[in-house]
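**Q** Could you look at this predicted model? Sequence included:
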Amino acid sequence: MLIFVSTNSFGQKTDLATKNIKNYNHVWDVVINEGRISILDTAYAENAMLHTTPATMGKANCIAYYNNYITGFSNRQFTVKESIAQGNKVVKYWNFKGKHTGSFFGIPATNKEVNVIGCTIATIVNGKITEEQDFMDNLEFFRQLGLMAR
């Protein structure tokens, strides 16, 4: 079966994908690199969900979740290595570096440097983040923090 997409429809989908990538990457640059977590007040939908264990539900809880990275790490550097999008889905391949100098999800500062790569799949509806799922090597992350043996 062949499906044809008109130029106008394709152009609109491409524009949406490009806009979502630009906005999504900007949000995380501001949050992590600048430490201005308040941008998430307008970036997240009220009913946003993070696929964490357990799941994090609601805008306020999602903001609180990511605030752990701001308070837990200094010298934060978040780099988006690559982003792709289709429709309301954005996938970003990223690198996070920082020094664990504060409490991070209740883990006291270890003063260890971390350098991890990961991937996030996000759903964006009407310009708002409604869903995110991060994938990274948590074992390596905890090893770098000195919390797990090599």
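**A** Sure thing, it's come through.
**Q** In contact with residue 35, which residues?
**A** Applying CB atoms under 8 Å, 6 or more residues apart in numbering to residue 35 gives the contacts 70, 76. For every residue, glycine as well, the C-beta is placed using N, CA and C.
**Q** does it count as helix, strand or coil?
**A** In terms of secondary structure, residue 35 is coil; the call rests on DSSP: H, G, I helix; E, B strand; the rest coil.
**Q** any idea how far it lies from residue 66?
**A** Distance, residue 35 to residue 66, using CB to CB, to the nearest Å: 11 Å.
**Q** Was I right to think residue 71 contacts residue 104?
**A** Yes. The criterion here is CB atoms under 8 Å, and residue 71 meets it with residue 104 at 7.5 Å.
**Q** So which of those two has more stuff around it?
**A** Neighbour count, other CB atoms under 10 Å: between residue 71 and residue 104, residue 104 has more, with 19 against 14.
**Q** From residue 81, how far out is the more buried one?
**A** Separation of residue 104 from residue 81 (CB to CB) stands at 23 Å.
**Q** same thing with residue 144?
**A** 18 Å.
**Q** Phi first, then psi, for the residue nearest to residue 16 when sequence neighbours are not counted.
**A** Distances taken as CB to CB, 6 or more residues apart in numbering put residue 87 closest to residue 16, at 6.7 Å, once the chain neighbours are dropped. The phi and psi values for residue 87, taken as degrees, to the nearest 10, are phi 60, psi -130.
**Q** The host helix or strand of residue 25 - what's its average pLDDT?
**A** Assigned by DSSP states H and E, residue 25 belongs to helix 7-28. Averaging pLDDT along helix 7-28 yields 80.
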